[in-house]
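*Asks:* show me the folded form of this:
(chains A and B)
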Amino acid sequence: MSIRHSLLALLSEGPKYGFQLRQEFEMSTGEVWPLNVGQVYTTLQRLERDGLARSDDVEVDERQKNYRITDEGSEELSHWLRTPPDLSEPPRDELVIKVLVASRLPDVDVYEVIQVHRRYIVQLMQQWTHLKEDESRFDLAFALAVDAELFRLDSVVRWLDAADGRLRRAAYEPAPENPVALPSIHRRTGAHR
Amino acid sequence: MSMLELRQVSKRYGQGANEVDAIADIDLAVERGSLVAIMGPSGSGKSTLLTIAGSLEEPTTGDVMIDGARLSGMSRNDKARLRRRSVGYVFQDFNLLAGLTAVENVSLPLELDGISMKKARAKGMAALEGLGLADRAESFPDQLSGGERQRVAIARAVVGERSLLLADEPSGALDSVNGEAVMRMILAACHGGVAAVVVTHDAKLASWADRVVFLRDGNAVDETLPPPSPEELLNPEVPNPS
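*Replies:* A predicted model of the protein is given here:
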């Protein structure tokens, strides 16, 4: 989450005070990412240092400073919005590692391990869905943020289901005698290496 | 008393060496007002469980009770009456009759139960209105979108005083926004006192339920704990269990 660029985005709507920026940031993310006021002021000072925003040059309390975006700030924002985050490198996923380890250990029931994680994630999804269910809390930013979380968790459940199926199938099929070395695919993919 | 109760229910197909347990020793109780999801891969017995719960199929062993009435001692006619009055089904492919309008599809089960056409139609209209479909009442299924057809199917499942709703992959091929709308409707029916069972392989749909039961090779292997309140999730002071 780039607080820096989110604050620039809010400033691109017009000049704002630090306290107001914090409130608007939380509202725009559906209050899913709480932000403390210290983070806001530190970030604003850095934006100012880097020439992306400026404040009224009066020596007043941080709370009363009014910030506005500079031309460089607008350019930076536009560039950031269009730059894909780096997804080319697979993250070191702890859950994947746990399932891989469980699948190798003879005394561990890998399906039981998978189910423990599946249940935990479905429970998390239930919690997020219950938040969505409460329509009094509903707003568009909140729904989008909750959806993102649900889709992320859903992809983990689907991976667990696929792993479950693949392991069951592998249990019935003998392993190849001379396993072929895996091609190092990840070395050839990814634009941002 | 639970609206639906399964006690040690098993279903066996085939004989001798070909014998297969589709489901084995399932215990399940669903209260009025609650939504239970059954999750599992294809072939795990989800659909068998649902057809047995809805009295469309007999278990090999075990008991099924709907609203306190035990199905095993009942005549075919009594079972059919119980189904018409108490049980609504929603299937993946909607199963609407193509030659009937939306409201005719919805009121048909009431008419079959001997309710006058006029009364059945009024109840059918009320069910459609409840799902925001009053203006589509006279449309035929092929004039409705996928999402609308599924809403008609849900209206048909809850029309009258039915109190048990059984749904098999109810969002079918709908996109995720329409799938969510389907789950919201099922949940609304539950808030009105209906007991619902949804079988699905989709965790996003299952997460609408109060309780998720995991089925594997015909066995109920696990289930979710009751969810904590929404506040606990947004309150950073509560430690994350991960």
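*Asks:* just the helices in the chain please.
*Replies:* Since you didn't name a chain, this refers to chain A. Taking DSSP state H, the helices of chain A run over residues A:3-11, A:18-28, A:37-49, A:71-81, A:94-104, A:110-133, A:140-172.
*Asks:* actually, chain B is the one I wanted.
*Replies:* B:46-53, B:76-86, B:102-112, B:117-130, B:146-158, B:176-191, B:203-206, B:230-234.
*Asks:* so which of these comes closest to residue A:7?
*Replies:* Among the helices of chain B, the nearest to residue A:7 by Cβ to Cβ is helix B:230-234 (22.1 Å). Yep, even glycine has a C-beta here, placed from its N, CA and C like the rest.
*Asks:* what's around the residue in chain B positioned nearest to chain A, how many residues?
*Replies:* Residue nearest to chain A within chain B: residue B:207 (3.7 Å; Cβ to the nearest Cβ). By other Cβ atoms under 10 Å in any protein chain shown, 28 other residues sit near residue B:207.
*Asks:* was I right about it contacting residue A:121?
*Replies:* No: at 9.5 Å, residue B:207 does not count as touching residue A:121 under the criterion of Cβ atoms under 8 Å.
*Asks:* circling back to that earlier point, closest to residue A:104 out of the helices of chain B?
*Replies:* helix B:203-206 (26.5 Å).
*Asks:* other SSEs contacting the closest one?
*Replies:* helix A:110-133, helix A:140-172, strand B:35-39, helix B:176-191, strand B:195-200 (3 or more Cβ pairs under 8 Å, 6 or more residues apart in numbering or on different chains; DSSP states H and E).
*Asks:* got the contact list for that helix?
*Replies:* By Cβ atoms under 8 Å, 6 or more residues apart in numbering or on different chains, the list of residues contacting helix B:203-206 from outside reads A:121-122, A:125, A:129, A:150-151, A:153-154, A:157-158, B:37, B:39, B:170-171, B:176, B:179-180, B:183, B:198, B:200, B:212.
*Asks:* centre of the chain to it, how far?
*Replies:* 14 Å (Cα atoms, centre = their mean, to the nearest Å).
*Asks:* got a list of what the residue of chain A found nearest chain B touches?
*Replies:* Chain A approaches chain B most closely through residue A:125 (3.7 Å), counting by Cβ to the nearest Cβ. Each residue near residue A:125 by Cβ under 8 Å, 6+ apart is listed here: A:150, A:153, A:154, A:157, B:203, B:204, B:206, B:207.
*Asks:* tell me the predicted confidence for the residue nearest to it when sequence neighbours are not counted.
*Replies:* Closest residue to residue A:125 apart from its sequence neighbours, by Cβ to Cβ, 6 or more residues apart in numbering or on different chains: residue B:207 at 3.7 Å. Reported pLDDT at residue B:207 in the predicted model: 95.
*Asks:* now residue B:207. Its backbone dihedrals?
*Replies:* phi -70, psi -10 (degrees, to the nearest 10).
*Asks:* and the residue nearest the centre of chain B?
*Replies:* A centroid search over chain B (Cα atoms, centre = their mean) returns residue B:166, at 1.6 Å, as the residue closest to the centre.
*Asks:* report pLDDT for that residue.
*Replies:* 95.
*Asks:* how about the one 4 residues further on?
*Replies:* Predicted confidence (pLDDT) at residue B:170: the value is 87.
*Asks:* again, but for residue A:61
*Replies:* For residue A:61, the predicted pLDDT is 69.
*Asks:* the residue lying closest to residue A:72 once chain neighbours are set aside: how many residues sit nearby?
*Replies:* Nearest residue to residue A:72 in three dimensions, chain neighbours excluded: residue A:51, at 5.2 Å (Cβ to Cβ, 6+ apart). Applying other Cβ under 10 Å, we find 12 residues neighbouring residue A:51.
*Asks:* correct me if wrong: residue A:51 contacts residue A:70.
*Replies:* Yes: look at residue A:51 against residue A:70 with Cβ under 8 Å: they come within range, at 6.1 Å.
*Asks:* thank you kindly, that will do.
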